[in-house]
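A.B. asks: My questions are about this predicted structure, shown below with the sequence.
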Amino acid sequence: MTNGRKVSITISITKGYRDRLRTMAAQQNLHDPDQLTSASTIAREIICEYIDGIDRVETNCLANHTKKKEKGE
């Protein structure tokens with residue numbers, strides 16, 4: 001679900017997490033200077049990957065439940 005129009009949200013995180021996101025962005029910018037990466041970009045990627053993972057788990061659970069129901073288990 002990562003394709004689509006991006007919209008803004010506001011979240012509050014501790015300073016430690018913010019600093020870690022900034023460090024991750026700086027490391028990525030050093031690795032690939034032609035692609036500018038920000039802390040918010042890193043946070044968006046982490047959040048979207050996490051939610052996509054949850055969706056995959058839920059889809060698999062539903063598919064397994066449906067298979068068991070069809071088999072009469």
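C.D. replies: Good, I have the coordinates. Residues are numbered from 1 along each chain as shown.

A.B. asks: helices and strands of the chain: which one bottoms out on pLDDT?
C.D. replies: For the chain, the helix or strand with the lowest mean confidence is helix 39-71, at a mean of 88 (criterion: mean pLDDT, DSSP states H and E).

A.B. asks: Return the list of helices and strands in contact with that one.
C.D. replies: For helix 39-71, the packing partners by 3 or more Cβ pairs under 8 Å, 6 or more residues apart in numbering; DSSP states H and E come out as helix 15-31. Any C-beta I mention is one placed from the backbone N, CA and C, and that applies to glycine too.

A.B. asks: on that earlier part again, the least confident helix or strand of the chain relative to helix 15-31, how many degrees between them?
C.D. replies: If you take axes from the mean of the first three to the mean of the last three Cα atoms, to 10 degrees, helix 39-71 sits at 100 degrees to helix 15-31.

A.B. asks: How far does helix 39-71 sit from its chain's centre?
C.D. replies: Centroid separation for helix 39-71 versus its chain: 11 Å, with Cα atoms, centre = their mean, to the nearest Å.
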